[in-house]
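Asker: coordinates only, no sequence provided:
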């Protein structure tokens, strides 16, 4: 079942003014349940805007978006942002509970379980300011999974972290995802990261159109050291470079 | 031959260890506060010695002792505290509610902006005249004066705080569809704690001013009433004794209660990695 359906979606900022700029142009795609889909593309191609529109933070200019829940009722969303976005005056556990639908024993146990999965059960009573950037981002990931979302959105969640921390978190994310099998839409500009994590990669080109939709059919868990992963990463990277060259040729000279 | 200049920067530990104890004590915050207090006291002694109509510290303490002996202090202070407490509490509640509304909604801002501005521009003395005319002598006029002088400061501070709540955290809350009441309790109110605290601090100081003025002009009992009693009797020692009492009270309230409450509200800031 398609959890997310996007049809002819367009977004123009400053509509009706001389500064009007179209960032997404007639985008259509579906995301099936229990799949991990990455959206990659160069800076400014509309990746984060697309995620913000899906989450409802941003409004779209035209087109349709529909979300389905297999649990009945409104579809529930989780969001892992580029920065952790934790309430600095609340403890880690209270941050986990802040986004829960209901505050009861079940949701508390679930929040504790996901905190444990990211290795922060012992830090439940800490304030975010007492944690490192990587630990805060792990809380952000645990928080998003703990709401049991129908759709989990992740916007370059490792881009602000150092390489070693990011690699550790990617591995942890793969483990959690393997256990929870949530439907994920993951935005990144890092092709290596996208190949390691995804079942499918949607490539956006400058101007906000879909350039290519690539299926990644590799066994999990994937590690960068695996030659098949490395080969596919090189192949996807080559396709992106080809796209970049093509769009640069097509772009008018300013 | 070239000259090599070495610029070595010392660590804070090294600086602390090389500074003599007497120098550290003399340059501490406590020393600065003590110096200010002693300077003020000496200034008072000099002014009292030069001008006969300014009572000196000894006379003021004597008059204060007399007031205690007459049993005037606790009763009058109790009356004033009751009026002041009710006025400030009302100003805090109304100030937070209206301030949050102004911070969240453009419409509320448009509605309340002008009345709040008018409220800010009217001094406590005018409110005290007006309330005495409206409500006569008794508890109502000091309570209303305290409320009216204090509430605009709470509103302005809270509204500014609410407007400054992080956009990122608001977006996060919208994405997770956090219920409004929980959003108010866990996001908006803690985010504006500093502004609320600053507003209440202003409210307390301005409100104290208001209650004393209202009692001065239309009180039946209270600190302001008693100060005026001695003023009308041309007994400046008694008048100054009450001034010392109410200034002392507001300083103690600020240092011991408000300052500590603010530190407690911001303890999460002191727990940084």
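Answerer: Received the coordinates, thanks. What you are looking at is a predicted structure, and each value in this text was computed from that prediction instead of being measured.
Asker: only C-alpha atoms from now on, for both contacts and neighbour counts.
Answerer: Noted.
Asker: wait, what's in contact with residue B:149?
Answerer: Contacts of residue B:149 were listed using CA atoms under 8 Å, 6 or more residues apart in numbering or on different chains, and they are B:119, B:120, B:122, B:123, B:124, B:127, B:203, B:206, B:207, B:210.
Asker: give me the buried entries from those residues.
Answerer: Buried by 16 or more other CA atoms under 10 Å in any protein chain shown: B:119, B:120, B:124, B:127, B:203, B:206, B:207, B:210, out of these.
Asker: okay, the first one and chain A: tell me how far apart.
Answerer: As defined by CA to the nearest CA, to the nearest Å, residue B:119 lies at a distance of 33 Å from chain A.
Asker: wait, that residue sits on residue B:155?
Answerer: No - counting by CA atoms under 8 Å, residue B:119 stays clear of residue B:155, with 10.5 Å between them.
Asker: and the residue of the stretch 1-150 of chain B nearest chain A?
Answerer: Minimum separation of the stretch 1-150 of chain B from chain A (CA to the nearest CA) falls at residue B:104, amounting to 16.9 Å.
Asker: gap between residue B:163 and chain A?
Answerer: 17 Å.
Asker: so what's that residue closest to, chain neighbours aside?
Answerer: In space, and not counting its chain neighbours, residue B:163 is closest to residue B:103: 4.9 Å by CA to CA, 6 or more residues apart in numbering or on different chains.
Asker: now the helices: where do they sit in the stretch 1-150 of chain A?
Answerer: Listed in chain order, the helices of the stretch 1-150 of chain A (DSSP state H, counting those that start in this stretch) span A:47-55, A:92-98, A:105-117, A:133-146.
Asker: now residue B:242. Nearest residue, chain neighbours left out?
Answerer: residue B:227 (5.6 Å).
Asker: residues contacting the one you found?
Answerer: Residue B:227 makes contact with B:216, B:238, B:239, B:240, B:242, B:243, according to CA under 8 Å, 6+ apart.
Asker: count the neighbours of residue B:233 for me.
Answerer: Residues near residue B:233, counting by other CA atoms under 10 Å in any protein chain shown, number 11.
Asker: what do you get for residue A:67?
Answerer: Residue A:67 has 17 neighbours, counted by other CA under 10 Å.
Asker: repeat that for residue B:131.
Answerer: Residue B:131 sits with 22 neighbouring residues when counted by other CA under 10 Å.
Asker: quick one: residues contacting it.
Answerer: Residues near residue B:131 by CA under 8 Å, 6+ apart: B:141, B:142, B:144, B:145, B:214.
Asker: widest-spaced pair of these?
Answerer: Spanning the widest gap among the contacts of residue B:131 are B:144 and B:214, at 9.1 Å by CA to CA.
Asker: who's more crowded, those two?
Answerer: Between residue B:144 and residue B:214, residue B:214 has the larger neighbour count (other CA under 10 Å), namely 33 against 28.
Asker: distance of that one relative to chain A?
Answerer: For residue B:214, the distance to chain A equals 40 Å [CA to the nearest CA].
Asker: average model confidence for the helix or strand encompassing that residue?
Answerer: In this assignment (DSSP states H and E), residue B:214 forms part of helix B:193-218. The pLDDT scores in helix B:193-218 average 82.
Asker: buried sites along the next helix or strand after it?
Answerer: Following helix B:193-218 in sequence order, the next helix or strand is helix B:223-232 (DSSP H and E). Using 16+ other CA under 10 Å as the test for burial, helix B:223-232 gives B:223, B:224, B:225, B:226, B:227, B:228, B:229, B:230.
Asker: mind putting those in a markdown table, pLDDT and distance to residue B:14 included?
Answerer: Output for the buried residues of helix B:223-232, formatted as a markdown table (pLDDT from 0 to 100; distance: CA to CA, whole Å):
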| residue | pLDDT | distance to residue B:14 |
| --- | --- | --- |
| B:223 | 80 | 53 |
| B:224 | 83 | 54 |
| B:225 | 81 | 58 |
| B:226 | 82 | 57 |
| B:227 | 83 | 55 |
| B:228 | 83 | 58 |
| B:229 | 82 | 60 |
| B:230 | 84 | 58 |
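Asker: relative to residue A:104, which of those is nearest.
Answerer: Of all the buried residues of helix B:223-232, residue B:223 has the smallest distance to residue A:104: 51.8 Å, by CA to CA.
Asker: you'd agree that closest one is up against residue B:76?
Answerer: Yes - counting by CA under 8 Å, residue B:223 touches residue B:76, with 5.5 Å between them.
Asker: tell me how many other residues crowd the closest residue in space to residue A:143 that isn't next to it in sequence.
Answerer: In space, not counting the residues next to it along the chain, residue A:143 is nearest to residue A:96; the distance is 5.1 Å by CA to CA, 6+ apart. Counted with other CA under 10 Å, residues neighbouring residue A:96 total 28.
Asker: is it true that residue A:96 touches residue A:109?
Answerer: No - the criterion here is CA under 8 Å, and residue A:96 misses it with residue A:109 at 10.8 Å.
Asker: point me to the helix or strand that includes residue A:233.
Answerer: Using DSSP H and E, residue A:233 falls within helix A:227-250.
Asker: same question for residue B:101.
Answerer: For residue B:101, the enclosing helix or strand under DSSP H and E is helix B:73-104.
Asker: any buried residues in that helix, and which?
Answerer: Residues B:73, B:76-77, B:79-81, B:83-92, B:94-104 are the ones in helix B:73-104 that count as buried (16+ other CA under 10 Å).
Asker: quick check: angle from that helix to helix B:193-218?
Answerer: Counting by axes from the mean of the first three to the mean of the last three CA atoms, to 10 degrees, helix B:73-104 lies at 130 degrees to helix B:193-218.
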